[in-house]
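In: Just need the structure, nothing else, for what follows:
(2 chains)
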Amino acid sequence: GEEVAQTPKHLVRGEGQKAKLYCAPIKGHSYVFWYQQVLKNEFKFLISFQNENVFDETGMPKERFSAKCLPNSPCSLEIQATKLEDSAVYFCASSTHGRNQPQHFGDGTRLSIL
Amino acid sequence: DQQVKQNSPSLSVQEGRISILNCDYTNSMFDYFLWYKKYPAEGPTFLISISSIKDKNEDGRFTVFLNKSAKHLSLHIVPSQPGDSAVYFCAAPMDSNYQLIWGAGTKLIIKP
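Out: Residues are numbered from 1 along each chain as shown, chains lettered A, B, ... in the order given. I've put the predicted structure just below:
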């Protein structure tokens, strides 16, 4: 598609439950990025993919967070045993190439942990 | 250490006038810069970018200026329209892993 599609728009989970977020990048884009927005104007990098391969995961809290981008499937970000502090908006972005190309963003998934 | 800074949290401009949003950076390795616009409950929308080999890039009502020696860039919007009211972010990709480093954003309010 011509837009990055993120589902669901909102996700509510009880503390300790699992949460799974999805992202369909723009067709033809090779790179996918996940960012977490906790405070209103702060974007924290989590992980990036080059096609189906992890490109950089230095931002991922590895104990509970995992992500995949498999061929012919939306990319996913999964959080096991969610904590209150995981409440945030999670944005996915894609770009044609990684370097010096604009990243195009989806509208995010708002995750609320109760 | 904030590598990209937007020192004005908000800016109010009359409709039809020029809006100038500013951004400073500290990392001299940055060679590409982007401006995004964000409405509430939506994702950031890419507006315009500039490579460090240029000092100006123009797209319709939007022009970005880059002053490498001052490590400063600015976004000019002219004429400003009510639909321009949004939060504007300046960002630059890290050379190592392409993650975007973001400024704190400037909320632009266009007054009728």
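In: For B:Trp102, list each beta-bridge partner.
Out: B:Ala91 (DSSP bridges).
In: Pull the contacting residues for it.
Out: Going by Cβ atoms under 8 Å, 6 or more residues apart in numbering or on different chains, B:Trp102 touches A:Asn41, A:Glu42, A:Phe43, B:Val4, B:Phe89, B:Cys90, B:Ala91. C-betas here are computed from N, CA, C, even on glycine.
In: Verify the assumption that B:Gly83 is located in a helix.
Out: Yes. Judged by DSSP: H, G, I helix; E, B strand; the rest coil, B:Gly83 forms part of a helix.
In: quick one: average pLDDT of stretch A:54-66?
Out: Averaging pLDDT along stretch A:54-66 yields 93.
In: can you pull the buried residues of it?
Out: For stretch A:54-66, the neighbour count (16 or more other Cβ atoms under 10 Å in any protein chain shown) marks A:Phe55, A:Asp56, A:Glu57, A:Gly59, A:Met60, A:Phe65 as buried.
In: how would you label the fourth one: helix, strand or coil?
Out: Under the three-state scheme (three-state DSSP), A:Gly59 adopts coil.
In: how close does it get to chain B?
Out: Distance of A:Gly59 to chain B, computed by Cβ to the nearest Cβ, to the nearest Å: 7 Å.
In: ok, that residue to B:Ala104 distance?
Out: 18 Å (Cβ to Cβ, to the nearest Å).
In: Quick one: name the residues of chain A near chain B.
Out: Residues of chain A lying close to chain B (Cβ under 8 Å from any Cβ of the partner chain) are A:4, A:6, A:31, A:33, A:35, A:41-43, A:45, A:48, A:55-56, A:58-59, A:91, A:93, A:95, A:98-100, A:102-108.
In: now with 6 Å?
Out: By Cβ under 6 Å from any Cβ of the partner chain, the residues of chain A that approach chain B are A:41, A:43, A:45, A:56, A:91, A:98, A:100, A:102, A:104-108.
In: first vs last residue of stretch B:74-83, how far apart are they?
Out: 20 Å (Cα to Cα, to the nearest Å).
In: what's around B:Gln14, how many residues?
Out: Close neighbours of B:Gln14, defined as other Cβ atoms under 10 Å in any protein chain shown, add up to 12.
In: my read: it touches B:Ile109, true?
Out: No. Taking contacts as Cβ atoms under 6 Å, B:Gln14 lies outside contact range of B:Ile109: 10.3 Å.
In: Tell me which stretches of chain A form helices.
Out: In chain A, no helices are defined using DSSP state H.
In: Low-confidence stretches in it?
Out: Counting by pLDDT under 70, chain A shows low-confidence ranges at A:1.
In: at 90 instead, please
Out: Applying pLDDT under 90 to chain A picks out residues A:1-2, A:38-42, A:62, A:71-72, A:97-100.
In: In this structure A:Phe43 contacts A:Gln36, no?
Out: No. The pair A:Phe43 / A:Gln36 is not scored as a contact, 7.4 Å apart, by Cβ under 6 Å.
In: These two: who's more crowded?
Out: Per other Cβ under 10 Å, whichever of A:Phe43 and A:Gln36 has more neighbours is A:Phe43, with 24 against 21.
In: can you tell me which residues contact that one?
Out: Going by Cβ atoms under 6 Å, 6 or more residues apart in numbering or on different chains, A:Phe43 touches A:Tyr35, A:Gln37, B:Trp102.
In: in terms of contact, does the first one touch A:Phe91 like I think?
Out: Yes. A:Tyr35 sits in contact with A:Phe91 when judged by Cβ under 6 Å, with a separation of 4.7 Å.
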